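**Q** Let me see the structure of the following:
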Amino acid sequence: MNFPITRMRRLRKSPEIRDIFKETSLNKEDLIYPLFVKEGLENGKKEVISTMPGEYRYSIDDAVIYGKELEEKGLKSIIIFGIPLEDEKDECGSQAFAKNGVVQKTIKRFKEETNLVVISDVCLCQYTSHGHCGLLKENDSIKEENNSFNTTESIEILNDETLDYLAKVALSHAEAGVDIVAPSDMMDGRVLAIREILDRNGYENTLIMSYSAKYASSFYGPFREAVSSAPSCGDRESYQMDPVNAREAIREAELDMVEGADVLMVKPALAYLDIIKSLKEEFNLPIAAYNVSGEYSMIKAGIDLGYLREDVIIESLISIKRAGADLILTHFAKDILDNLD
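**A** Numbering: from 1, shown residues only. Got it, this is the predicted structure:
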């Protein structure tokens, strides 16, 4: 029926009416807050991240203190990103799976002192001397021709050889007590490698939240500055997804599901809402979305310059939920906890 019998504005006539007819809600338990923890940082001396307004690198003690504050406000889960000492980086990222590494120590502290669900990023990029997410092979003939390895063609990221290292990282996190490991490297087969090593060592109940559709995005810039993980040579386009592809995301997610992933993730979020929706419709698994650093900093800059109002934060996160995300990893979590139920 048409107007005047049908009046859609009846459903919007008051705040109370609008509340009871909401189709999408954003709750505290939907949010996962990323924490940057830096080895060797002096307590009480958190470092400003210049590319991410309001975000900091923390010592382990300060990270736990801040995590407790957010937990008191209703935060349910965090994801930990470690930053090792610069002189401890090497070709294989050995500090990523060190028993006494910064992430491993942070996990233990959080599990001892909070009730937060603790998630760990499983990757090598911020631990390797070259900044890539896997082991690197250099092409000597191309180096001789260009006198440099700073081209995509001059390097190869070794997929199968990297899997053992990623599995070691995940196992070390499980041994420290982590609830969920989140492989973000985009190597083929890494979910299976991680699932197998966890199960062999008695961690069959440790969840895997896989970065299933992680795109080679320009929105990662601020994060790479935050954790010093920019590649020193080449780029990541040979292993992260091409932003122009959508159907490929379904194949990536299906493979991860078959290999044992418990949660599928899309990264970034706002520029890939269609991918979130596709995965939600295709798979009967929880869907997470990473509202990444560039999306955060872009909106923060707009607010600081007066171009946007602060309520755009909630609107942007609601769009991610509306697309189908069950969980949202977001740096905005700290800003909005007081406004959520």
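**Q** The most centrally placed residue in the chain: helix or strand, and which one exactly?
**A** By Cα atoms, centre = their mean, the chain has its centre lying nearest to Tyr290, at 5.3 Å. Assigned by DSSP states H and E, Tyr290 falls within strand 287-291.
**Q** elements contacting that strand?
**A** Of the remaining helices and strands, those touching strand 287-291 by 3 or more Cβ pairs under 8 Å, 6 or more residues apart in numbering; DSSP states H and E are strand 263-267, helix 273-282, helix 312-323, strand 327-330. Backbone N, C-alpha and C define where each C-beta goes, glycine included.
**Q** and those as a markdown table, adding mean pLDDT, mean neighbour count and distance to Leu75?
**A** As requested, these are exported to a markdown table (pLDDT from 0 to 100; neighbours: other Cβ atoms under 10 Å; distance: least, Cβ to Cβ, whole Å):
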| stretch | mean pLDDT | mean neighbour count | distance to Leu75 |
| --- | --- | --- | --- |
| strand 263-267 | 98 | 26 | 18 |
| helix 273-282 | 98 | 20 | 22 |
| helix 312-323 | 98 | 18 | 14 |
| strand 327-330 | 98 | 24 | 11 |
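**Q** Tell me which of those sits nearest to Gly101.
**A** For Gly101, the closest of the helices and strands packed on strand 287-291 is strand 327-330, at 21.3 Å, according to Cβ to Cβ.
**Q** what's that closest one packed up against?
**A** strand 31-38, strand 287-291, helix 312-323.
**Q** of the ones you listed, which approaches Ile17 most closely?
**A** Nearest to Ile17 among these is helix 312-323 (18.3 Å), distances taken as Cβ to Cβ.
**Q** who's the nearest residue to the residue nearest to the centre of the chain once chain neighbours are set aside bridged to?
**A** Of all residues not flanking Tyr290 in the chain, Lys267 sits nearest, at 3.9 Å (Cβ to Cβ, 6 or more residues apart in numbering). Beta-bridge pairing of Lys267 under DSSP bridges involves Lys214.
**Q** Tell me who's in contact with the residue nearest to the centre of the chain.
**A** Applying Cβ atoms under 8 Å, 6 or more residues apart in numbering to Tyr290 gives the contacts 211, 265-269, 328-330.
**Q** now do Met186
**A** Per Cβ under 8 Å, 6+ apart, neighbours of Met186: 133, 211, 214, 236, 239-241.
**Q** Of those, just say which sits nearest to Gly101.
**A** Closest approach between the contacts of Met186 and Gly101, by Cβ to Cβ: Cys133, at 16.9 Å.
**Q** And the strands in the chain?
**A** Here the chain has its strands, by DSSP state E, at 31-38, 47-48, 56-58, 77-83, 117-122, 135-138, 155-158, 180-183, 207-214, 263-267, 287-291, 327-330.
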